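A.B. asks: build me a model:
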Amino acid sequence: MSAKGAIVTGGAGVLGQAIAAQLTADGFEVTLFDVDEAAVTQAANRLSASSGANASGYRVDVSDPDAVREQIARLEHAGRRLDCLVNNAAINPRLPLSGQTPDAWDTTMAVNVRGPMLLCQAMRPWWQRHGGGRVVNVSSRTWLGGGPTAYVTSKAAIVGLTRTLAVELGSLGVTVNAVAPSVVETPLTRAGRTEEEFEQFAARHRAMTPLGRLARPQDVADAVAFLAGERAAFITGEILHVCGGAQLAPTA
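C.D. replies: I've put the predicted structure just below:
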């Protein structure tokens, strides 16, 4: 139990892999959670091969209370440290109010909001026994400007969850912060868009961003790693916008 341990949810995705790689470089032993078992296993194997670290990947539906509790218990039994939790897993059905269905709404909230809560709940006893930890939630710049109904509501809820858990877990030595990125080119942001539609979408976001480009996975990974590290030991309840100043602009 020498190396600090970190869990990254959504670990098979572009952002999850970038975050996991940076945390590994910073000395964390990383565990990836994802609903895609084959993809998360491959991501963990690639990370282990490229870094020489002992990364692992597991299929976990973060919205399932039993799955979360059981996997956290397995990690504890195996002697893995649970110092840091990065709640990165998310879905975005991109439905407007007129097309929103109760099932799509509930599923989005279950993954994007209930999942982070369940993981914090499951890891709280470890943090209490070991004197602290770090939680970094991945929100979105859209919580300020709007967008797809369920997704944006869930990302605003993550801000509320971050702030309230910072208060509740502070006495245990746990810091809770969030990063709020702007658009990153990933399969999630490209899904359902043609090449032309995505380029128009990206161009609008570049135009409203003072630094004139989209966010990159490494931009997000660096911000997460900072909040997970010792240099951020006295920062909690904060929302770090990783969007080149787009938080200052109206929505695209």
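A.B. asks: which residue is nearest the middle of the chain?
C.D. replies: In the chain, the centroid-proximal residue (C-alpha atoms, centre = their mean) is Asn88; its distance is 1.7 Å.
A.B. asks: what's near enough to touch Asp26?
C.D. replies: By C-beta atoms under 8 Å, 6 or more residues apart in numbering, Asp26 lies in contact with Ala225, Ala228, Gly229. Every residue, glycine included, has its C-beta placed from N, CA and C.
A.B. asks: what is the neighbour count of Thr164?
C.D. replies: Neighbours of Thr164 under the rule other C-beta atoms under 10 Å: 12.
A.B. asks: whoops, Arg190 was the one
C.D. replies: 14.
A.B. asks: quick one, what contacts it?
C.D. replies: For Arg190, counting by C-beta under 8 Å, 6+ apart, the contacting residues are Phe198.
A.B. asks: got the CA positions of the host helix or strand of Ile72 in PDB?
C.D. replies: According to DSSP states H and E, Ile72 maps onto helix 65-77. The C-alpha trace of helix 65-77 is given here as PDB (Å, rounded to 0.1, in the frame of the first residue of the first chain):
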ATOM      1  CA  PRO A  65     -25.400   0.600  -6.100                       C
ATOM      2  CA  ASP A  66     -24.600  -3.100  -5.700                       C
ATOM      3  CA  ALA A  67     -21.900  -3.000  -8.500                       C
ATOM      4  CA  VAL A  68     -20.200   0.000  -7.000                       C
ATOM      5  CA  ARG A  69     -20.200  -1.400  -3.400                       C
ATOM      6  CA  GLU A  70     -19.000  -4.800  -4.600                       C
ATOM      7  CA  GLN A  71     -16.100  -3.500  -6.700                       C
ATOM      8  CA  ILE A  72     -14.900  -1.000  -4.100                       C
ATOM      9  CA  ALA A  73     -14.900  -3.900  -1.500                       C
ATOM     10  CA  ARG A  74     -12.900  -6.100  -3.900                       C
ATOM     11  CA  LEU A  75     -10.300  -3.400  -4.400                       C
ATOM     12  CA  GLU A  76     -10.000  -2.900  -0.600                       C
ATOM     13  CA  HIS A  77      -9.700  -6.700  -0.100                       C
END
